[in-house]
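Chemist: Below is the sequence, then the predicted model.
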Number of protein chains: 2
Amino acid sequence: MSELQSRNVPVTIARLARHLGLSAGTVSRALNNYPDIAEKTRKRVQKAALELGYRPSSSARRLARGIIETVGFVLPTTRNQHSDPFLAEILNGLASELSLHDWDLLVASVPKGQNEIDVINRLAGSGKVSGFVIARTRREDDRVNYLRKSGLPFVAQGRTDTPDDYSWLDIDNEQAFMDAVSYLRDLGHAKIAFLGGDPTLNFAWQRRNGYLRAMADQNGHIGVGYLIDGVTDELSAFHATRRLLTITEQDRPTAILCVTDAVAIGAMQAITHAGLTVSRDISIMGFDGLPIGEAVQPALTTLHQDSYEIGREVGRMILDLCTNSPSAPTQTLWQAKLTPRASVNRPGGNPA
Amino acid sequence: MSELQSRNVPVTIARLARHLGLSAGTVSRALNNYPDIAEKTRKRVQKAALELGYRPSSSARRLARGIIETVGFVLPTTRNQHSDPFLAEILNGLASELSLHDWDLLVASVPKGQNEIDVINRLAGSGKVSGFVIARTRREDDRVNYLRKSGLPFVAQGRTDTPDDYSWLDIDNEQAFMDAVSYLRDLGHAKIAFLGGDPTLNFAWQRRNGYLRAMADQNGHIGVGYLIDGVTDELSAFHATRRLLTITEQDRPTAILCVTDAVAIGAMQAITHAGLTVSRDISIMGFDGLPIGEAVQPALTTLHQDSYEIGREVGRMILDLCTNSPSAPTQTLWQAKLTPRASVNRPGGNPA
DNA sequence: AACGGTACCGAAAGCGCTTTCGGAAGTCAA
DNA sequence: TTGACTTCCGAAAGCGCTTTCGGTACCGTT
């Protein structure tokens, strides 16, 4: 107790051993719960370690054991900033899950002039990470292709076009948008438009497919100009919706399905701005479950996904992949939850 | 060339040395640009290293040199999710800057049952990070207090109430909101309300102070109920604004200054919903520069801060702190940029 | 031819930890 | 009392790299 951790001189295992009159090896085995240590000395060692504030150096530990216990996350390179309100939540969930097992999360970005592959390569090559989590997958994704053939453990949050031989966790976007179409049609909507995002991003592509498939299955008619791609944020949504509103009232959609909540908000703005009323004149539906959807007038009907839980599950998956012997890839599909609110109504504005 | 990196057998410095007929020490010095290596052999070593795909193990390197080259970022524990649209951008900027110097960013979250101090302690104690970046500072911040007395290098993004003896980068929130008040008063607004956030968070407190101080300086009158605290998101903003609108038209504010853009959006919704028109009846002003502000109708007047650049600068600061000998704390104050848009107008709705 | 000086490289110790191996006690049965 | 086990701990090697130290070989001077 008298010789507490003195800041400048970090307490090593050798120090601790000398203090106890034991050898370093014994101290190590005591702390790591080896069976060949007398219970009495184990207690003694643990007590002293606590008192002296001993913390094993993770570099030394990793070197000696040949382990890494760190997963890498390469931030998606996205042109428009703030575009991903989930990233922080996913990171939070991921880091939480990892920390339960004393693993670390290394976050890297892609510097100008490099691509994601370079970064992945560097991190894995120098032994800084033992696996990767990637997000925002594209239909055709270089990162996935590279990781796949490299043999490195990785989990993708979101699939690609050929998702068979690797591990991923994805939202069932296609089903979600089929559900959305059904929901709207059940309310009486026949003229349903779709504001789609960047179709090279797989989540947007899947939602687009869900819309198309459900419309086809249910003999829906997709009017001219009903499907608009490349709507990625509020502003482009605003303009896209204005274009929709130029359609004659006869042919104009009575409902607009939006690829994200952000797009939905932009669409609502355009409708209101055009002197129409959301829900009465045109129903709007989004996807994400952003908090803003509750505050907007009328409140936004949406499909909800829990980013934090996605992060945690992805964490479990990558841990499993990194610690256990190579097994078959785990592939998890989660359903989004439809959250009906006021922005969707029967066509013509009669309350449902 | 014949014996390329064979995946399962990582190429160590010893391997490389044997391959070259040199000693490990020589190879190490060659690659690290020691002066006592013949230029010819240095080239030879570098070439072979490239060909064999040699990557020094970062654990070994760190252990041998006694360095860490990693900064820790503890994710702020926030009750309402998605509440911080900047976090991802700040992380991006931070990671970018760090990677320029081959430093890493370790992101940790606070598991249930622990607090931020525990996490900081653990990361620093086991030598996983050599410094910290913290964000979302409170007026009285345990993390800052702890780090301050621990002697660990750290940079705070945002100050505390007693910001003298540590390094930080902050936006001049007080000045920004004084500017905002001036801007509104110059347009003729006398009745200016303020929707403030969580006053224990310093940025919200500073903005509140800016409002109060400017109103006092300019002999403005703060009407009853004009100042509402605890408005943190769109929904609470919606309700708070409804409360403002219950004031008689005579005394009702002609402009509402909002602590964030998200709050401003909620306020706009409430105004529109009440049958009034933003900008003509009531001017709205936010802070952040979110993209949604451009899409909303009318477009939101705001004060802009560039999160990515904030992240980069914080990166430079923490690098400086970690690599150089302890010096005086660097304290940087950045000004937000006022971005006039349509949501602010002269009182009475006459275009400015 | 002997000298000091320089350029270059190998040997070896060490970073802090883990883990195998062997040996000194102690235990028990015959 | 001896032998065979256990129990428990120390010694030592090793993880992959860095860095100091010293030594050889070569250079140019006197």
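Modeler: Cool, the structure landed. Numbers count the residues shown, from 1 in each chain, chains lettered A, B, ... in the order given.

Chemist: The helix or strand of chain A with the lowest mean pLDDT - contacts with which helices or strands?
Modeler: Ranked by mean pLDDT, DSSP states H and E, the weakest helix or strand in chain A is helix A:292-295, scoring a mean of 91. Applying 3 or more Cβ pairs under 8 Å, 6 or more residues apart in numbering or on different chains; DSSP states H and E, we find helix A:292-295 packed against helix A:261-273, helix B:234-245, helix B:261-273. C-beta here means a position set from N, CA and C on the backbone, and glycine is covered the same way.

Chemist: chain center to the one helix or strand residue A:193 maps to, what's the gap?
Modeler: Counting by DSSP states H and E, the element that carries residue A:193 is strand A:192-195. The chain centroid and the centroid of strand A:192-195 are separated by 25 Å, computed with Cα atoms, centre = their mean, to the nearest Å.

Chemist: what lines up beside it in the sheet?
Modeler: Using DSSP bridges, strand A:192-195 pairs in its sheet with strand A:227-228 (parallel), strand A:255-258 (parallel).

Chemist: what's the model's confidence in that strand, averaged?
Modeler: The predicted model gives strand A:192-195 an average pLDDT of 98.

Chemist: Same check on stretch A:110-129?
Modeler: 94.

Chemist: quick one: buried residues of it?
Modeler: Neighbour-count burial for stretch A:110-129 flags A:110-111, A:116-117, A:119-129 (criterion: 16 or more other Cβ atoms under 10 Å in any protein chain shown).

Chemist: In helices, which of those appear?
Modeler: When DSSP state H is applied, those are split such that A:116-117, A:119-125 fall in helices.

Chemist: Return the member of the residues you listed nearest to DNA strand C.
Modeler: For these, the residue nearest DNA strand C by Cβ to the nearest atom of the strand is residue A:125; the value is 20.1 Å.

Chemist: for residue A:46, phi and psi?
Modeler: For residue A:46, the backbone dihedrals are phi -60, psi -40 (criterion: degrees, to the nearest 10).

Chemist: ok, it - how many residues close by?
Modeler: Counted with other Cβ atoms under 10 Å in any protein chain shown, the burial measure for residue A:46 works out to 15 neighbours.

Chemist: what comes into contact with the least confident helix or strand of chain A?
Modeler: A:261, A:264-265, A:286, A:299-300, A:302, A:341, B:233-235, B:237-238, B:262, B:265-266, B:269 (Cβ atoms under 8 Å, 6 or more residues apart in numbering or on different chains).

Chemist: after that helix, next one along is what?
Modeler: Using DSSP H and E, the helix or strand that follows helix A:292-295 in sequence is strand A:302-304.

Chemist: quick one: contacts of that following strand?
Modeler: For strand A:302-304, contacts defined as Cβ under 8 Å, 6+ apart pick out A:176, A:179-180, A:261, A:264, A:285-290, A:293, A:336-339, A:341.

Chemist: Could you pick out the buried ones from the contacts of helix A:292-295?
Modeler: Neighbour-count burial (16+ other Cβ under 10 Å) is assigned, among the contacts of helix A:292-295, to A:261, A:264-265, A:286, A:299-300, A:302, A:341, B:233-235, B:237-238, B:262, B:265-266, B:269.
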